[in-house]
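Novice: Provided below are the primary sequence and the corresponding predicted coordinates.
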Amino acid sequence: MRSAATIAFALAALGMSAVGAYQLGPSPTPTSAHWREFAWPFPRDGWPAGRAFRCEGGACDGAELYVRAKRGFCNCDSGVADDDEVDRVADIDLITPRFTATTPGEVVHVGEMHGRARRYDLAIYDGASHAAVGIAVSRRCDLFVAAAQGRGDASAMQHAALAFLETQEMKAWMTAALDGK
Amino acid sequence: MFRCVLTAAALVLFAGSTFVHAQKQTIGAPPEASNMKLVGTNDLQARSAYQPTIHRQGDRWIAYIGHHGGTDDVPAPVNPMTGQAEPNGTSIVDVTDPAHPKYLRHLPGQEGKYESGGAQMVRVCDGKSLPKGDPSAVYMLRTFGSEAHEIWNVADPANPALITRLSGLKDTHKSWWECDTGIAYLVSGAPDWRTRRMTQIYDLSDPAHPQKIRDFGLPGQEPGSTGAVPTELHGPISTGPNGNRVYFGYGTNKGGILQIVDRDKLLNGPKEPTPDNLRLPEISRMPMSAFNGAHTTFPMLDMPVAEFAEDKDGKTRDIVMIVDEAILNECGEARQMVWFADVTTETRPMMISSYTVPEASGQFCQRGGRFGSHSANESMAPVYYKKMAFIAFFNAGVRALDIRDPYHPREVGYFIPAITQATDKRCIPVEGGERCKVAIQTNNVETDDRGYIYIVDRANTGLHILELTGPARAVAGLPKN
């Protein structure tokens, strides 16, 4: 009987510590001067959740950025070869399935990875225009994708997002995410 | 007390040694098997293998085996028959005597490594079965790397002759060819479509003069569309004019979709790729979990189910077996496995059962390489059709399933080949580099009308020809051996 009580106590303690870890784990961290992390806002899909950030101040004020790794989702040799690939993989469809590219994409680099970025108009019927930027870069057979949305200028949003992804903290996290950690 | 401690220590040691043995394959160790045995092998010149197709030509049985591109270490293995380094293409092997397969010819494919080169897919039709074929010819349809489809005359399998090439494509893959009509569902990426892979339907009844019928895909994939792009195609299987259905599988390891299509409307309906025209031939669509893809969608229609024999309705069921493809090494993703869908009421298909190899039965997540399903045999020859299915399960080898009751599929045998000096490593990223292991990677499986089972290895271990033994033979109604 005493041993049962001991086991119950141990299980309760383990449970409490697990809850504590869950609460502590994803706490918001000030990652740069302008981007503040918040909880991943999308329902579960085929890929593990990524990280979400909101821009505070500057040209990207109010924009949101969603980033995550997609392992094993890329042509290992050609990488992100064209704009259609960005349409397919960059997670713009998480924001809304209704989006239209506004310009041809362009080659971009994030750290040692390269790929493409493309700008979009989003069909969100709240009376305001929404712009988005999709970014997809690859490391061999794996993708790293970012989607940014906001009401400001898409070009400024893209510039700010790429600058943020180039920070040491984000590059270290991207490497870990692509390693499956 | 001391005896107890000794016993416990011995048990721990025994468990430890079993664990280590189960985790790691070693060169020279015997294959692991249950109710299946090895009949013959061929090393396929240590080329990474994708699809085997076994074809009867007169009194001979010929295996046509598609290959992936080369590896970083060996981009173009040397063909000992020519002495030349040749980009991986198609191996042609005489398997008339399955105990002594005879390698006839390597037909080089596109230069390139892994998925980017080689000639992965093969289908074969006799000229005499095609409406406008040369009756003396045997036609092999293959992909050429990612950029083209080719048709060769392999009537003399040691000396193939190129008949036709359809080029200017990207991401060619798992096509289907109806040998009685010549209609081919070629999986490609057309330059203006928004998806990597879609279907280009051709009339190849006269292989020398291909006639394009139409392009097909899911609305949202067609040129000029906007918004989210639906999951890309992996491959279709048609039941021909009699069944009048084509079962399309979209997705490999994510976001799978089974699409059931009216073949007549597909071939004869309006062909301009507008959303309405793409929707017209669709009977229904079954989305799967975002965790799983639909690599193979294998129809088994009008299956009698013993459990339902006394029921007034629904004694027979139309079943589609769906096989996902594992992509990542060492269980780096959700489990990819086998699913059975009851499509008897076609507009309301429903998943009814599933099958996976128990991971703990071989500590497969620790063995190295991929663990999970990839593909099934696609032969509809009576010897196994609607009775047994064979599933390629990467480092868990091939698995023989009793599917006579598709609501309760049951494993009745397996075979995991031994690794050899040729078996290539599989790596995962670790801090500051890679960590590699060597394990079998059974990629595809096919059967012939005689009941032999052919498995090929993605990690360069070659071809293994197998047969059933023991109780597994009874499932298929084969005589005891």
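Specialist: Yep, it's here. Residues are numbered from 1 along each chain as shown, chains lettered A, B, ... in the order given.

Novice: what sits against B:Met36?
Specialist: Going by Cβ atoms under 8 Å, 6 or more residues apart in numbering or on different chains, B:Met36 touches B:Val398, B:Ala400, B:Gly413, B:Tyr414, B:Phe415, B:Ile453, B:Leu466, B:Glu467, B:Leu468, B:Thr469, B:Ala472. In this view, the C-beta of every residue, glycine as well, is placed from N, C-alpha and C.

Novice: What segments of chain A are helices?
Specialist: Shown for chain A, the helices assigned by DSSP state H span residues A:2-24, A:83-89, A:92-95, A:154-165, A:168-178.

Novice: Quick check on the contacts of B:Met36: which are buried?
Specialist: Neighbour-count burial (16 or more other Cβ atoms under 10 Å in any protein chain shown) applied to the contacts of B:Met36 gives B:Val398, B:Ala400, B:Gly413, B:Tyr414, B:Phe415, B:Ile453, B:Leu466, B:Glu467, B:Leu468, B:Thr469, B:Ala472.

Novice: Pick the one among these closest to chain A.
Specialist: For the buried ones among the contacts of B:Met36, the residue nearest chain A by Cβ to the nearest Cβ is B:Val398; the value is 22.8 Å.

Novice: Correct me if wrong: B:His173 contacts B:Gly118.
Specialist: No: taking contacts as Cβ atoms under 8 Å, B:His173 lies outside contact range of B:Gly118: 11.6 Å.

Novice: between these two, which one's more packed in?
Specialist: The neighbour count for B:His173 versus B:Gly118, taken as other Cβ atoms under 10 Å in any protein chain shown, is higher for B:Gly118 (31 against 22).

Novice: Would you enumerate the residues in contact with the more buried one?
Specialist: Going by Cβ under 8 Å, 6+ apart, B:Gly118 touches B:47-48, B:50, B:66-70, B:87-89, B:109-110, B:112, B:145.

Novice: circling back to that earlier point, out of the buried ones among the contacts of B:Met36, which sit inside strands?
Specialist: Under the assignment DSSP state E, these contribute B:Val398, B:Ala400, B:Gly413, B:Tyr414, B:Phe415, B:Ile453, B:Leu466, B:Glu467, B:Leu468 to strands.

Novice: Check these and tell me the two furthest apart.
Specialist: B:Tyr414 and B:Glu467 (13.5 Å; Cβ to Cβ).

Novice: what does the model give residue 21 for pLDDT?
Specialist: Picking chain A for this. Looking at A:Ala21, its pLDDT is 29.

Novice: The intended chain is chain B.
Specialist: On pLDDT, B:His21 comes in at 45.

Novice: ok, now A:Phe73?
Specialist: Note on A:Phe73: pLDDT of 81.

Novice: Please look at it and A:Phe144 and confirm they touch.
Specialist: No: the pair A:Phe73 / A:Phe144 is not scored as a contact, 10.2 Å apart, by Cβ under 8 Å.

Novice: which of those two has more neighbours?
Specialist: A:Phe144 (26 against 21).

Novice: Please name the bridge partners of that one.
Specialist: Beta-bridge partners for A:Phe144, by DSSP bridges, are A:Ala69, A:Val137.

Novice: quick one on the thing from earlier: where's the dip in pLDDT among the contacts of B:Gly118?
Specialist: Taken together, the contacts of B:Gly118 show their lowest pLDDT at B:Gly112, with 89.
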